[in-house]
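>>> here are the coordinates; sequence isn't available:
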């Protein structure tokens, strides 16, 4: 099965190389892509400079793919992976205990896979995740927040085998005067919608991080789906 994916960058990357990138990205070191050329252009201009949406053909045949946005996984599995790789989190005793609980009970070892699919913890999304971990919002509000701004999912190549299955087919220019503004607008819209929903009262049945820890909730609990 082949898919067309895009990688946003200030540079044309005609040969993605395994082993490059930051260990502190959402899923660690890897090559981060999206199916949306528009999102790739926004990501390319993330620092205010013009760039490119590099276009590739990815052959998934024979690759082990984990999709953290699909069953049997839930949003806490994604969050546990995120807490493992992202180093900066709000400083509080609840956050520290929550990160430890998530990693002990929900962490998924992605190193055995070739490709990871999951949410992108862009600026606003990472704020939403931090708020949940620190106890400021419920699990239900976090689920809603992760769809604000329509940032979509990212597709990340993390193994040498995956890199051998990607082929560069061209690129599209991403002018900063257009796509940096679009990125800022998308992020701001997500934050505005989040603040509005955050101010709404939570249901008595909503789960907060403290509830999950106190009740010893683990994978498979029906309340997490």
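Looks like it arrived, so ask away. The shown structure was predicted, so the numbers you read here are calculated from the model rather than taken from an experiment.

>>> Against which helices or strands is the host helix or strand of residue 39 packed?
Assigned by DSSP states H and E, residue 39 belongs to helix 37-44. Packing contacts for helix 37-44, counted by 3 or more C-beta pairs under 8 Å, 6 or more residues apart in numbering; DSSP states H and E, involve strand 2-9, strand 51-59, strand 166-174, helix 176-198. Where C-beta positions appear, they are placed from N, C-alpha and C, glycine not excepted.

>>> Residue 146 is nearest to which of the ones you listed?
helix 176-198 (9.7 Å; C-beta to C-beta).

>>> got the angle for the helix holding residue 39 vs strand 2-9?
30 degrees (axes from the mean of the first three to the mean of the last three C-alpha atoms, to 10 degrees).

>>> Buried residues, helix 37-44. List them.
Neighbour-count burial for helix 37-44 flags 37-44 (criterion: 16 or more other C-beta atoms under 10 Å).

>>> Need the three-state assignment for residue 98.
Look at residue 98: counting by DSSP: H, G, I helix; E, B strand; the rest coil, its state is helix.

>>> What separation is there between it and residue 208?
Taking C-beta to C-beta, to the nearest Å as the measure, residue 98 falls 10 Å from residue 208.

>>> Which one's more surrounded, the two?
Using other C-beta atoms under 10 Å as the criterion, residue 98 and residue 208 rank with residue 98 on top: 23 against 20.

>>> okay but the more buried one is in contact with residue 214, surely?
No. Using C-beta atoms under 8 Å, residue 98 is not in contact with residue 214, being 11.5 Å away.

>>> what's the helix or strand for residue 212?
helix 209-214.

>>> Output the below-cut-off pLDDT ranges for this protein.
For the chain, applying pLDDT under 70 flags the ranges 87-94, 123, 148-152.
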